[in-house]
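> my questions are about this predicted structure, shown below with the sequence.
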Amino acid sequence: MVFTVFAFGYGACFGSFLNVVVWRLPRRMPILLARSHCPKCKQDIKSTDNIPIFGWLRLRGKCRNCQLPISPRYPLVETGVALLFAVLFLLIIVAHGITLPASTLTDHHGNWLSEFPGCPLLAVYLHQITLGYFLLSLVLIDEDQQKSPWNWTLFGLILHGLWVLIEPSVGQLDFLAATQNPLKQSQGTLTQAGILSFLGLAFAGLFSLIFRWLKVPHQFTNCSQAMILLGIFLGPVVLCWSIMIMSASLLVQWGTKRILPNKTNSTSGAALQLFLAWLLIICTWRWWPMIDWVA
């Protein structure tokens, strides 16, 4: 429970930073050098008022200086990211990857705490929360009808490269499971990781061309970046599953608008559908069909 609380707390801090990123990145504002300030009166926010979740509750949703309301989106994003960090920590590390595709990941001697921080699934956890964090940033920017700059996605891909260098298997769990190579005994190779990432990028480029022609809701740039992140992080198979889920959801939205044109005016963007598809897959990955790579 102590480690889970720490994961929740770190997630809340990263959620607070995500609010800054989502607001400033599309507007080309500095992220690291400028202090947090009220968007209405422009006054800097005190450090004691900038505590994730609790700061907003303490101020009762109002700026200390101008007393104007602060959007509840800020604590909601902080809470959402905190829950994402905590839930994935429980599923991947505490439960020994109970939802991951490689069934041999649960064949550990002793509990995860006896292996920590040398637990082989720690790199998998950090890799997945990195992907989820960047996907969620694209969702929030997309729902604001803004475009995410490509250098933000490039930074996420650089982090993916670092995790792959540390543990090459993090981006090829479905491949290792299908070839019956347990993570603890076969760490995968950089060559395999590079091939799967390249195939994921190629598939993402192909799907981007298709959905650019189909004109997905909101900003196409954000959708394209989300597909590239999914393809490079997790390979072509997971990307195809995510595209299938996204397409089904968008079709439901389109059909609903056709049936109820006057009651359904808002449409969620494709980036949100891809994030939810990833979340569904990461929580049920073991029970999805695998590709026979050997054949």
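Nice, thanks for sending it over.

> where exactly do the helices run in the stretch 1-150 of the chain?
Taking DSSP state H, counting those that start in this stretch as the criterion, the stretch 1-150 of the chain contains helices spanning 2-24, 54-58, 73-88, 112-115, 121-143, 150-166.

> just put the ones you listed in a markdown table and tack on mean pLDDT, distance to residue 195 and mean neighbour count.
Where C-beta positions appear, they are placed from N, C-alpha and C, glycine not excepted. Formatted as a markdown table, the helices of the stretch 1-150 of the chain follow (pLDDT from 0 to 100; distance: least, CB to CB, whole Å; neighbours: other CB atoms under 10 Å):
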| stretch | mean pLDDT | distance to residue 195 | mean neighbour count |
| --- | --- | --- | --- |
| helix 2-24 | 90 | 31 | 18 |
| helix 54-58 | 76 | 46 | 16 |
| helix 73-88 | 92 | 26 | 20 |
| helix 112-115 | 66 | 29 | 14 |
| helix 121-143 | 92 | 17 | 23 |
| helix 150-166 | 93 | 12 | 15 |
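
> out of these, nearest to residue 98?
Distance to residue 98, taken as CB to CB, is lowest for helix 121-143 among these, at 10.5 Å.

> the closest one vs helix 73-88, what angle?
150 degrees (axes from the mean of the first three to the mean of the last three CA atoms, to 10 degrees).

> and helix 121-143, how far from the chain's centre?
2 Å (CA atoms, centre = their mean, to the nearest Å).

> ok, stretch 12-23 next?
13 Å.

> list the contacts of it.
29, 31, 36, 39, 50, 52-53, 73-74, 77-82, 85, 133, 136-137, 140-141, 144, 152 (CB atoms under 8 Å, 6 or more residues apart in numbering).

> for stretch 153-171, same thing?
120, 123-124, 126-127, 130-131, 134, 138, 176, 183, 186-190, 192-193, 196-197, 225, 228-229, 232-235.

> need the contact list for residue 80.
With the criterion set at CB under 8 Å, 6+ apart, residue 80 makes contact with 15, 136.

> the nearest residue to residue 122 once chain neighbours are set aside: how many residues sit nearby?
Closest residue to residue 122 apart from its sequence neighbours, by CB to CB, 6 or more residues apart in numbering: residue 93 at 6.4 Å. Residues within reach of residue 93, counting by other CB atoms under 10 Å, total 22.

> quick one: residue 93 from residue 199, how far?
28 Å (CB to CB, to the nearest Å).

> what does residue 98 give?
In terms of CB to CB, residue 98 sits 27 Å off from residue 199.

> and if you look at residue 80?
31 Å.

> got a ChimeraX select line for the buried ones in the contacts of stretch 153-171?
Buried residues among the contacts of stretch 153-171 (16 or more other CB atoms under 10 Å), as a ChimeraX selection:
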select :120,123,124,126,127,130,131,134,138,176,183,187,188,192,193,196,197,225,228,229,232,233,234,235
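
> dump the residue contacts of the nearest residue to residue 125 once chain neighbours are set aside.
Closest residue to residue 125 apart from its sequence neighbours, by CB to CB, 6+ apart: residue 92 at 4.4 Å. Going by CB under 8 Å, 6+ apart, residue 92 touches 99-100, 121, 124-125, 128.

> reformat those as CSV; add distance to residue 252.
Below are those laid out as CSV (distance: CB to CB, whole Å):
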residue, distance to residue 252
99, 25
100, 29
121, 35
124, 32
125, 32
128, 27
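
> so which of the residues you listed comes closest to residue 172?
residue 124 (10.8 Å).

> report the secondary structure state of the closest residue to that closest one other than its chain neighbours.
Leaving out its chain neighbours, the residue that sits closest to residue 124 by CB to CB, 6+ apart is residue 170, at 5.2 Å. When classified by DSSP: H, G, I helix; E, B strand; the rest coil, residue 170 comes out as helix.

> how many neighbours does residue 170 have?
Neighbour tally, residue 170, other CB under 10 Å: 26.

> what about it, distance to residue 100?
11 Å.

> common neighbours of the two, please.
residue 124.

> for residue 194, what are its contacts?
Contacts of residue 194 (CB under 8 Å, 6+ apart): none.

> helix or strand next in line after the helix or strand containing it, which one?
Using DSSP states H and E, the element containing residue 194 is helix 190-214. Towards the C-terminus, the helix or strand next in line after helix 190-214, according to DSSP H and E, is helix 220-259.
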